[in-house]
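K.L.:
what shape does this take:
(chains A, B, C and D)
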There are 4 protein chains.
Amino acid sequence: MVKVGVAGYGVIGQRLADGVVLQKDMELVGIADLAPTLSIRALKERGMPYDLYLVEGANKAAFDAVGIPVKGSFADLISKVDIMLDSSPGGVGAKNKELYAKAGIKAIFQGGEKNSVADVFFHGYANYEKGLGASYLKLTSCNTTGLIRSVDCLDRHYGVDRVAITIIRRVADPGDYHRGLTNALQMEKAPSHQALDLMTIMPQVEATGILVHTPVTHGHIITVVAQGKGGKKISRDMALSAFKSHDRIRVVRMEDGFLGNASFFRYARDLGNPRGDMYEIGLWEDSIVESGDQIMYAINIPQESVTIPETMDGIRAALRMQPDSAAATGETNKYLGLGRWK
Amino acid sequence: MVKVGVAGYGVIGQRLADGVVLQKDMELVGIADLAPTLSIRALKERGMPYDLYLVEGANKAAFDAVGIPVKGSFADLISKVDIMLDSSPGGVGAKNKELYAKAGIKAIFQGGEKNSVADVFFHGYANYEKGLGASYLKLTSCNTTGLIRSVDCLDRHYGVDRVAITIIRRVADPGDYHRGLTNALQMEKAPSHQALDLMTIMPQVEATGILVHTPVTHGHIITVVAQGKGGKKISRDMALSAFKSHDRIRVVRMEDGFLGNASFFRYARDLGNPRGDMYEIGLWEDSIVESGDQIMYAINIPQESVTIPETMDGIRAALRMQPDSAAATGETNKYLGLGRWK
Amino acid sequence: MVKVGVAGYGVIGQRLADGVVLQKDMELVGIADLAPTLSIRALKERGMPYDLYLVEGANKAAFDAVGIPVKGSFADLISKVDIMLDSSPGGVGAKNKELYAKAGIKAIFQGGEKNSVADVFFHGYANYEKGLGASYLKLTSCNTTGLIRSVDCLDRHYGVDRVAITIIRRVADPGDYHRGLTNALQMEKAPSHQALDLMTIMPQVEATGILVHTPVTHGHIITVVAQGKGGKKISRDMALSAFKSHDRIRVVRMEDGFLGNASFFRYARDLGNPRGDMYEIGLWEDSIVESGDQIMYAINIPQESVTIPETMDGIRAALRMQPDSAAATGETNKYLGLGRWK
Amino acid sequence: MVKVGVAGYGVIGQRLADGVVLQKDMELVGIADLAPTLSIRALKERGMPYDLYLVEGANKAAFDAVGIPVKGSFADLISKVDIMLDSSPGGVGAKNKELYAKAGIKAIFQGGEKNSVADVFFHGYANYEKGLGASYLKLTSCNTTGLIRSVDCLDRHYGVDRVAITIIRRVADPGDYHRGLTNALQMEKAPSHQALDLMTIMPQVEATGILVHTPVTHGHIITVVAQGKGGKKISRDMALSAFKSHDRIRVVRMEDGFLGNASFFRYARDLGNPRGDMYEIGLWEDSIVESGDQIMYAINIPQESVTIPETMDGIRAALRMQPDSAAATGETNKYLGLGRWK
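P.N.:
Numbers count the residues shown, from 1 in each chain, chains lettered A, B, ... in the order given. Here you go, the predicted structure:
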């Protein structure tokens, strides 16, 4: 049983902790945070299923005041784990890295950190081998993680030379009050970083893209225009067949009621998934269209939870728990119940 | 064990079914619906924890096509239960009532039906006694249910003569595509039906109010201006003390992170509540202000789940499982875990 | 002076009327409508700058009750004009066509009608010649009109073989209460009708696309991936130079403050444009990126007013006021002040 | 002709400048700003109807680069005017005040500044006399300005002892990208500052209130519960009659199509008002309800433009152009066309 800690118990950190607990070959030692946030208060109301450690700068008296038990310091947590999943606010992870290095433990950083924080910019399917034994991995961001799942899927089956993407980005998470957009679409300078990141992970593909922020909270939608390798046409049926075979892609139809990003959110709530989360990206069967030798399709990215599976893959890579991608992602999928719905 | 069925497995019906399952003195016999909606598909993916019966007009072939097992007809379900919780679309409940009458079973209708469908317009705290042994109850709507909790609470403690309410109404549920509002606030003719409904349930109180629809999905917010009985002042401390003693009112503070309706939604998700639901209304301690002999405060209404506890109370009343309100609501609260957080 | 009438004084009809008034070679005879809507009440408050005629079914007493003067019947209006601009609700135009035919006048229908209502599906730049002398034209919809402006621009300059578009569609107009979407993105089955419509108007181009509805009211945004004719690369500079030469395309930069669709709306208000309208599509210079031999860019479509110039072109075509596209669009642009900002 | 300058040509500043130009007894000397914002670029595209002066810190080269002519420095502008309308970003006005004091000119600050910046916290109707001859006035904020119009109206007619308000606040202006809220309602600690501000301006009234932010951009809505003086009842008819007599209150009905805040925005656009602005608050006739001796009603506040009339009143007061409120507000109303619609 490898021992895992989580730094930063926010939107991502909570889901990382839950994800680790589901892996039968991993043990969650505890989580670390700074203040008695709503998430920490909820943890207390749940009876502290996870031990809480305080990072430097935390005011223990604030936790005592509301009766939240504290197990120890961040250093205590670090001393007990093989690897730390760092989902601290952007920039803090880089600072924490010094502590990890001193303690000789490995770490996986989330998308908010700069690429330079890690030895390897990582995706469980697309470049698992690069992560093998690495000390520091950085996960791709939520959009890039989901996007690569679909492009890697086509690339493995048929080869892909080029993609042009349009990201319709949700601007905040449910519950966010520190950011938002009201009745406006907002552009970002092209090309989007997700296209550039895809090329870093999959250098065999040329990618570009445009990102537009929209005032919604449930799931990004990305349209992808992909060109087959060497101009070879990827037909609608070929694409559909490949997508349906993937355990982290949920192929759905509008006519069955999956009308948009909010349908996935509702469906995951109705499934009884904790927090109404979904690990799979959605892919609309009735969005797939051909254009000459290009194939176009749309996917849904559940931004809060989509990176959890690939982070579990990352643990398996960094700690050499599995030698290859297929075995590692298979283990993760099994423990998270992915592919079970088919 | 009283036997309970649920007609209409939509937003409310799912939560009614889940709520019944938690009552140790009730048995959920099954649920009935018309089409393989997303909610029914999710039920299937969960392994059919609840038996499915088909209402008249349902196309069984459509269920067979996606492999959803069907237990029987609506008549079959009706024949097996003591009481039916009817959360069919508005108007259908009145038609269903004829079937219930013929079978000699009782029923509780949700807020979408007309008052005339039932013998008693019901609220678990405010008029439990009226529901004792009644054949047909109609629950107050989500806003009215939550509003009455707070007004009844003040009335029982100190007496209330009059309230003037402003309802800031969420316009759709998460996942809704059949209704919505974009960048607009929408008025309704005053007085709002919630004020009129409150007077039906609590005839000792004079009520009026204005309702404004807002383009959000997580929780209505209501402000209440209440006048104490006979002009007696209800002070801020008196109100706070009464609210804190109520097991279905969750008193919170903005400074702790409960910034608005979305905070409650996030908190309930982080608590691990199924679907991220919350049965309690929220009440902001830092919203309570005095104005002469009047007290003013704001509450949050989790529209999808707030009526579940009072519906459970209704079952206890209609089937005379408990003779009085305090005992009945106490049982419901115990099984739903309400008041546990204190 | 050709005589023009407008049927249906709603969002589009008002702007058509205003547009006709600005054409020095046209005369607005009057507008026709059914009920004293807010728009008609505003016309009255402005002192009835346009004469009002009532369509069949209108209740004249309702107009009298609020003191709105009525000039005559729809038949009266029809008898006085050479051409009618029909912006009635979808489906009504087809019925009106019978009246136009009987009276021997021409008509231009807006995008809400079926293509079959007209002899020619029309765009001022892309197929002006087809509209010459035609009795019945149908304008492309707002998205298609703006999209074609940009694709036709590239096609005329460099040739275009294929486009793949992503339409991020605003779901309602400012002031709409009859439709809306709240915190959700909504898919439409692919390919989008706009891609199909583009191919009808520009048969030399292969087009496909995906449309996603978003809960905003100010301006659609479309991303376009275009492939040059015969695989010839259209570079960023080539595209930019072509777009900048177009009088109905406003090339802007994010760094200058044009951050999204709402910036255009605000800018047009600050310009003092009536209703804060803009006739030009926006095109972000910093959205243009290359991908192999393809060029990708993003445009903004001011949905309420974008079809007005092409409708004026249509009048010129149908009534043979100008023999060719360049002369006709030039006249329209001069009277509407397009290109003036350069 | 009194000479007026405007500092800060943003959302409010533009409207102040436009408002001054409409006053036949005032002359707009010019406006001052810091950077070539979209608003300044629009001014240039309009042909510089207003002379532009640059405040300290402005980079003149940036204006030159886009061909925006500059008339002089902020000091130049100050030296030419009798009074400055300061709508600089919050806090800057206080700094500017030193310049005004040195130059011996008067100034009116907008709601964003602290009350201490001014000698008098001012409202054209409620305390005009206090502003007579004052050197520095601060206008009430948009919500408070509109709220006081309605409460002062009732108070002058019948006397008011107490109000309890609920402010449903729009969170951003159309075009804003620097603030926003997505699918969330946000509370503010009670009592709201608008209630406290009302008491400062109208000390004879006791006020409290709760404010909730909503994700919309067109117009705040406020509900008011008002108690007549000495317990005397203000009936629905009495209230309606008073409101209808007020030139800055536009009484409308939902049944005529005024469904919410967005209806006012659309109506003002259809009226051809510059920027689609409206100076009047809206008041829904069908929102007025009685509750015992209290009266309740709802108003609409067009946040971008509502303070313009009261600022014009302020100029008249500070420069002693009119001795009393009725004459001064009458002049303002005449020049702005208020009351004309009746």
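
K.L.:
contact partners of stretch A:92-105?
P.N.:
A:7-8, A:74-75, A:78-79, A:81-84, A:86-88, A:106-107, A:109-110, A:112-114, A:117, A:136 (C-beta atoms under 8 Å, 6 or more residues apart in numbering or on different chains). Just so you know, the C-beta spots here come from the backbone N, C-alpha and C atoms, and that holds for glycine as well.

K.L.:
for the one residue in the stretch 1-150 of chain A that gets nearest to chain D, grab the count of nearby residues.
P.N.:
Closest approach of the stretch 1-150 of chain A to chain D (C-beta to the nearest C-beta) occurs at A:L38, with a separation of 13.6 Å. Using other C-beta atoms under 10 Å in any protein chain shown, A:L38 is surrounded by 20 other residues.

K.L.:
next one: stretch A:43-61 to chain centre, how far?
P.N.:
Centroid displacement of stretch A:43-61 relative to its chain, using C-alpha atoms, centre = their mean, to the nearest Å, is 24 Å.

K.L.:
ends of that stretch, how far apart?
P.N.:
18 Å (C-alpha to C-alpha, to the nearest Å).

K.L.:
is it positioned near chain B?
P.N.:
Yes. Stretch A:43-61 reaches chain B (C-beta under 8 Å from any C-beta of the partner chain) through A:43, A:45-46.

K.L.:
show me the subset of these that also lies near chain D.
P.N.:
Applying C-beta under 8 Å from any C-beta to the residues of stretch A:43-61 next to chain B, none is adjacent to chain D.

K.L.:
and the residue nearest the centre of chain A?
P.N.:
Chain A has A:T307 as the residue nearest its centroid, 1.1 Å off, counting by C-alpha atoms, centre = their mean.

K.L.:
how close does that one get to chain B?
P.N.:
Applying C-beta to the nearest C-beta, to the nearest Å, the value for A:T307 to chain B is 18 Å.

K.L.:
quickly note the distance from that residue to chain C.
P.N.:
From A:T307 to chain C the distance is 20 Å (C-beta to the nearest C-beta).

K.L.:
what's the answer for A:V252, then?
P.N.:
Noted for A:V252: a distance of 10 Å to chain C, by C-beta to the nearest C-beta.

K.L.:
residues contacting that residue?
P.N.:
A:V252 touches A:258, A:282-285, counting by C-beta under 8 Å, 6+ apart.

K.L.:
how does it look with 6 Å?
P.N.:
For A:V252, the contact set (C-beta atoms under 6 Å, 6 or more residues apart in numbering or on different chains) comprises A:258, A:282.

K.L.:
pLDDT score for it?
P.N.:
Note for A:V252: predicted pLDDT of 98.

K.L.:
before we move on, back to that, any of the contacts of stretch A:92-105 buried? List them.
P.N.:
A:7-8, A:74, A:78, A:81-84, A:86-88, A:106-107, A:109-110, A:112-113, A:117, A:136 (16 or more other C-beta atoms under 10 Å in any protein chain shown).

K.L.:
partner residues bridging A:L283?
P.N.:
Bridge pairing for A:L283 (DSSP bridges) gives the partners A:V251, A:I299.

K.L.:
surely it is in contact with A:I299?
P.N.:
Yes. With contact defined as C-beta atoms under 6 Å, A:L283 counts as touching A:I299 (5.1 Å).

K.L.:
the helices in chain A, which residues?
P.N.:
A:11-22, A:38-45, A:60-65, A:74-80, A:92-103, A:128-131, A:142-158, A:193-201, A:236-244, A:261-270, A:307-318, A:325-336 (DSSP state H).

K.L.:
could you list the domains of chain A?
P.N.:
For chain A, the domain assignment from automatic domain parsing gives the residue ranges A:2-141+A:307-336, A:142-301.

K.L.:
for C:N59, find the nearest of those.
P.N.:
domain A:142-301 (35.1 Å; C-beta to C-beta).

K.L.:
any idea how far apart the tips of that closest one sit?
P.N.:
7 Å.

K.L.:
just how off-centre is that domain within its chain?
P.N.:
Centre-to-centre, domain A:142-301 and its host chain are 13 Å apart (C-alpha atoms, centre = their mean).

K.L.:
for chain B, what is the nearest residue in the stretch 201-342 of chain A?
P.N.:
A:R266 (2.8 Å).

K.L.:
ok, now which ones touch that residue?
P.N.:
Neighbouring residues of A:R266 by C-beta under 6 Å, 6+ apart: B:174-175.

K.L.:
which parts of chain A sit against chain C?
P.N.:
Proximity of chain A to chain C, by C-beta under 6 Å from any C-beta of the partner chain, involves residues A:162, A:164, A:166, A:168, A:183-187, A:189-191, A:208, A:210, A:212, A:214, A:216-217, A:221, A:223, A:225, A:254, A:259-262, A:284, A:286-287, A:289, A:291-292, A:296, A:298.

K.L.:
from these, keep the buried residues only.
P.N.:
Here, 16+ other C-beta under 10 Å leaves A:162, A:164, A:166, A:168, A:183-187, A:190-191, A:208, A:210, A:212, A:214, A:216-217, A:221, A:223, A:225, A:254, A:259-262, A:284, A:286-287, A:289, A:291, A:296, A:298 buried among those.

K.L.:
what parts of chain A come near chain D?
P.N.:
So chain A meets chain D at A:171-172, A:177, A:180-183, A:186, A:215, A:217 (C-beta under 6 Å from any C-beta).

K.L.:
just give me the closest of those residues to chain B.
P.N.:
Nearest to chain B among the residues of chain A next to chain D, with distances taken as C-beta to the nearest C-beta, is A:N183, at 3.9 Å.

K.L.:
which ones are touching the closest one?
P.N.:
A:N183 makes contact with B:183, C:216-217, D:217, according to C-beta under 6 Å, 6+ apart.

K.L.:
quick check on A:M202: phi, psi?
P.N.:
phi -120, psi 80 (degrees, to the nearest 10).

K.L.:
tell me how far the nearest residue to it once chain neighbours are set aside lies from chain B.
P.N.:
In this structure, A:M202 finds its nearest non-sequential neighbour in A:A126, 5.5 Å apart by C-beta to C-beta, 6 or more residues apart in numbering or on different chains. Between A:A126 and chain B the distance is 28 Å, computed by C-beta to the nearest C-beta.

K.L.:
look at A:A126 and report its pLDDT.
P.N.:
98.

K.L.:
ok, now A:K114?
P.N.:
89.

K.L.:
what's the neighbour count on the closest residue to it other than its chain neighbours?
P.N.:
Ranked by C-beta to C-beta, 6+ apart and with sequence neighbours excluded, the top spatial neighbour of A:K114 is A:A94, at 6.9 Å. The number of residues packed near A:A94 is 16, by other C-beta under 10 Å.

K.L.:
quickly note the distance from A:A94 to chain B.
P.N.:
27 Å.

K.L.:
contacts only, for the residue of the stretch 1-150 of chain A closest to chain D.
P.N.:
B:257, B:267.

K.L.:
how close does the residue nearest to A:K114 sit to A:S73?
P.N.:
20 Å (C-beta to C-beta, to the nearest Å).

K.L.:
where is the longest strand in chain A?
P.N.:
strand A:160-170 (DSSP state E).
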